[in-house]
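Trainee: model the structure of this input:
(chains A and B)
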2 protein chains.
Amino acid sequence: MSAGQRPGGRSARVRAAVLTATRALLVDGYTGLTVERIAQAAGVNKTSVYRRWTDLEGVLGDLLSEYASEVVPIPDTGDLDTDLEELALLIRRGMAGEPGELLTALAAAVPHNPRAAQIVRGFFAERFGLAEAVVNHAVARGELPQDTDARAAIEVLGAPFFLRLLVVDEPIDEEFARRTAAAVAAALRSGVFSRAREPHPVTGADAEHSAVGDASCSPAS
Amino acid sequence: MSAGQRPGGRSARVRAAVLTATRALLVDGYTGLTVERIAQAAGVNKTSVYRRWTDLEGVLGDLLSEYASEVVPIPDTGDLDTDLEELALLIRRGMAGEPGELLTALAAAVPHNPRAAQIVRGFFAERFGLAEAVVNHAVARGELPQDTDARAAIEVLGAPFFLRLLVVDEPIDEEFARRTAAAVAAALRSGVFSRAREPHPVTGADAEHSAVGDASCSPAS
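Mentor: Below you'll find the predicted structure:
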């Protein structure tokens, strides 16, 4: 073994070359991306790619796992609204870039590729799990009911981004992120995500009473 | 032309046979569904299918357009909470069945099939457009601010269903539908979907005040 070459060195170089090439190709989007093009751009034999990653989704999943392993600074400012808004802006930035392309590509493979399904589900589960802290901190501060279902709230926060990423042809801009965060904050405060919530938390009469939301609690606003 | 055979009769029969066969095959899900299998089950030549629908997504899109053309009874009970809940239960029933399978299949094709993208976007745009009535009726009744963005609210209502359909491995059950509807109702009432909304509708102090949501407005509840 020559100097500077560790065990697994070639394997690690192949992986780095393939992931770097995939990254570069993804700039043009997922359409037309193939194992052949990746192998060519990486300067490796396509059989090496198939042997190691099985298929395109395997390569994309490996790339997504790189993102999943990055440390994400979950907002913790001591204020639920600010935390949720910063979280939404983080999701926006993530989806606007390469992870968004990867999620789009892998989500597309979910219905017919069990491994892609596992990767995407794992990614969402891991990210949602981290993001729950924002809600749980507010519960700990007494801002929200003790039995708040943090996972359910985070799911509603993340879902509109996913819908826009995959289907709805509208920009995922800052205003969209802020509004989605504010919607989840309002829902959390109303007790909707409390596990003990009544099926109809607001009756018709109450509904008229609270027509302008929290403003009805404070005539000055 | 023999009795009972109208112009376009054969074409209409081929279409009916292909769509019926696709429907039957979709019961087993999207995985493994091909034009070849559909043609075989329909008893038609696969080249006839390719000529008419171009590809699998073309067939699925045609089937989805059948659903899109069905008259959907948009809830109009005179109460926003009830309307949103019934709407959510309608979405749930739709996604639990064949339209859910179709949407899953077509959404998977969106990133690499422009026609599938167009079909799915058209379907969502059409359904969201109909559902907006629920919000607009509440605006007309004075329950919500005049400048409420109905489309934005309906998007947040529909998104969690789509996320579960495609990615999150949790059931789309009635409780999930009701909670999602209640979350959007609470967000609507808080003014989040008002086009003139401030970036931070609730300050930290107000947040503590309204920690238990509407309950803080009415000590009796």
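
Trainee: contacting residues around the nearest residue to A:E57 once chain neighbours are set aside?
Mentor: Nearest residue to A:E57 in three dimensions, chain neighbours excluded: A:A116, at 4.1 Å (CB to CB, 6 or more residues apart in numbering or on different chains). All C-beta atoms are positioned from the backbone trio N, CA, C, and that covers glycine. Neighbouring residues of A:A116 by CB atoms under 8 Å, 6 or more residues apart in numbering or on different chains: A:57, A:60-61, A:106-107, A:109-110.

Trainee: go with 7 Å
Mentor: Neighbouring residues of A:A116 by CB atoms under 7 Å, 6 or more residues apart in numbering or on different chains: A:57, A:61, A:106, A:109-110.

Trainee: so it lies in a strand, does it not?
Mentor: No. A:A116: not assigned to a strand; according to DSSP: H, G, I helix; E, B strand; the rest coil it is helix.

Trainee: mind pulling the model confidence for it?
Mentor: In this prediction, A:A116 carries a pLDDT score of 84.

Trainee: equivalent analysis for A:A109, please.
Mentor: Confidence score, pLDDT, at A:A109: 81.

Trainee: between the helix or strand where it lies and helix B:98-109, how big is the angle?
Mentor: Assigned by DSSP states H and E, A:A109 falls within helix A:98-109. Helix A:98-109 runs at 130 degrees relative to helix B:98-109, counting by axes from the mean of the first three to the mean of the last three CA atoms, to 10 degrees.

Trainee: check the offset of the one helix or strand A:T47 maps to from the chain's centre.
Mentor: Remark: A:T47 resides in helix A:46-53, with elements defined by DSSP H and E. Counting by CA atoms, centre = their mean, to the nearest Å, helix A:46-53 is centred 28 Å from the centre of its parent chain.

Trainee: same deal with stretch A:9-18?
Mentor: That offset, for stretch A:9-18, works out to 27 Å (CA atoms, centre = their mean).

Trainee: one more: stretch A:126-143?
Mentor: 15 Å.

Trainee: may I have stretch A:151-169 exported as PDB, CA atoms only?
Mentor: The C-alpha trace of stretch A:151-169 is given here as PDB (Å, rounded to 0.1, in the frame of the first residue of the first chain):
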ATOM      1  CA  ARG A 151     -45.400  15.700  15.600                       C
ATOM      2  CA  ALA A 152     -48.800  16.400  14.300                       C
ATOM      3  CA  ALA A 153     -48.200  20.200  14.300                       C
ATOM      4  CA  ILE A 154     -44.800  19.800  12.600                       C
ATOM      5  CA  GLU A 155     -46.400  17.600   9.900                       C
ATOM      6  CA  VAL A 156     -48.900  20.400   9.100                       C
ATOM      7  CA  LEU A 157     -46.000  22.900   9.000                       C
ATOM      8  CA  GLY A 158     -44.000  20.800   6.600                       C
ATOM      9  CA  ALA A 159     -46.800  19.500   4.300                       C
ATOM     10  CA  PRO A 160     -47.500  22.700   2.300                       C
ATOM     11  CA  PHE A 161     -43.800  23.000   1.400                       C
ATOM     12  CA  PHE A 162     -43.900  19.400   0.200                       C
ATOM     13  CA  LEU A 163     -47.100  20.100  -1.800                       C
ATOM     14  CA  ARG A 164     -45.500  23.100  -3.500                       C
ATOM     15  CA  LEU A 165     -42.300  21.300  -4.100                       C
ATOM     16  CA  LEU A 166     -44.000  18.400  -5.900                       C
ATOM     17  CA  VAL A 167     -47.200  19.700  -7.300                       C
ATOM     18  CA  VAL A 168     -48.500  23.300  -6.800                       C
ATOM     19  CA  ASP A 169     -46.800  25.600  -9.300                       C
END
